[in-house]
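**Student:** give me a 3D structure for the following:
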Amino acid sequence: MIEQVSKLSVMLFIAGIAMFSYAEDKANLAGEMMHQHHNMKHSIVDGRISLGLSPEMKQHQLSNMRSHLEAVQAITSLIAEKEFQKASEIAHSKLGLTEEMRKMCNMFNNEDFTALGLAFHESGDSLGDALKTKDTTKSLRALQSTLGYCVQCHATFRQ
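**Tutor:** Predicted coordinates for the structure are as follows:
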């Protein structure tokens, strides 16, 4: 009996070492693959148009885009809860063509980017108007249009 327990202990010990070795090899392989992917990502040519922004302006623009994304998230949640008035207010104030957004869009030295930015913000106002109808389908179609400008912009331009 003691001999069987000893053999079992040795076998479990060997199995543990084998599993540890296997896990370590997998972790090393995963780390190497991530490193290769990271390097590959940076070696791919990004054909999008650079806006040539200063570091400060770049951070400001990225902050605005994150704010837009948060607004879309809030609007989506409010549509699900049938809170159309609140969603409309967010669409107009955070995505719409406010005077501040108009000025900001006109600061860029790229006419196509400016036009796309203005169209995005106008679609934010259209979204706000659609939300006021309390029609979920109409609201989601307007949201789809607004998000289409986001996709188009990110596909065309880079910071």
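
**Student:** quick one: the residue most central in space within the chain from Thr76, how far?
**Tutor:** Nearest to the mean C-alpha position of the chain, by C-alpha atoms, centre = their mean, lies Leu69 at 7.5 Å. As judged by C-beta to C-beta, to the nearest Å, Leu69 and Thr76 stand 11 Å apart. Placement of C-beta: from N, CA and C, glycine included.

**Student:** one more: Lys134?
**Tutor:** 16 Å.

**Student:** OK, contacts around Glu70?
**Tutor:** Lys94 (C-beta atoms under 8 Å, 6 or more residues apart in numbering).

**Student:** what about 7 Å?
**Tutor:** Not one residue lies near Glu70 by C-beta atoms under 7 Å, 6 or more residues apart in numbering.

**Student:** how much space between it and Asp125?
**Tutor:** 18 Å.

**Student:** re earlier: how close does the residue nearest to the centre of the chain sit to Leu147?
**Tutor:** 10 Å.

**Student:** name the helix or strand of this protein that has the lowest mean pLDDT.
**Tutor:** helix 2-43 (a mean of 54; mean pLDDT, DSSP states H and E).

**Student:** next secondary structure after that one?
**Tutor:** Using DSSP states H and E, the next helix or strand after helix 2-43 towards the C-terminus is strand 49-50.

**Student:** any idea of the mean pLDDT in that next one?
**Tutor:** Strand 49-50 carries an average pLDDT of 94.

**Student:** now stretch 124-131
**Tutor:** Averaging pLDDT along stretch 124-131 gives 98.

**Student:** host element of His154?
**Tutor:** Assigned by DSSP H and E, His154 falls in helix 136-156.

**Student:** just the CA atoms of that helix, as CSV, please.
**Tutor:** Below are the C-alpha coordinates for helix 136-156, written out as CSV (Å, rounded to 0.1, in the frame of the first residue of the first chain):
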residue,chain,number,x,y,z
THR,A,136,-37.5,53.8,-31.7
THR,A,137,-37.0,52.8,-35.3
LYS,A,138,-36.7,56.4,-36.6
SER,A,139,-34.3,57.2,-33.7
LEU,A,140,-32.1,54.1,-34.3
ARG,A,141,-31.9,55.0,-38.0
ALA,A,142,-30.8,58.5,-37.1
LEU,A,143,-28.3,57.1,-34.7
GLN,A,144,-27.0,54.8,-37.4
SER,A,145,-26.5,57.8,-39.7
THR,A,146,-24.6,59.7,-37.0
LEU,A,147,-22.4,56.7,-36.3
GLY,A,148,-21.8,56.4,-40.1
TYR,A,149,-20.0,59.7,-39.9
CYS,A,150,-17.8,58.4,-37.0
VAL,A,151,-16.9,55.3,-39.1
GLN,A,152,-16.2,57.4,-42.2
CYS,A,153,-14.0,59.9,-40.3
HIS,A,154,-12.0,57.2,-38.5
ALA,A,155,-11.5,55.3,-41.7
THR,A,156,-10.2,58.5,-43.5
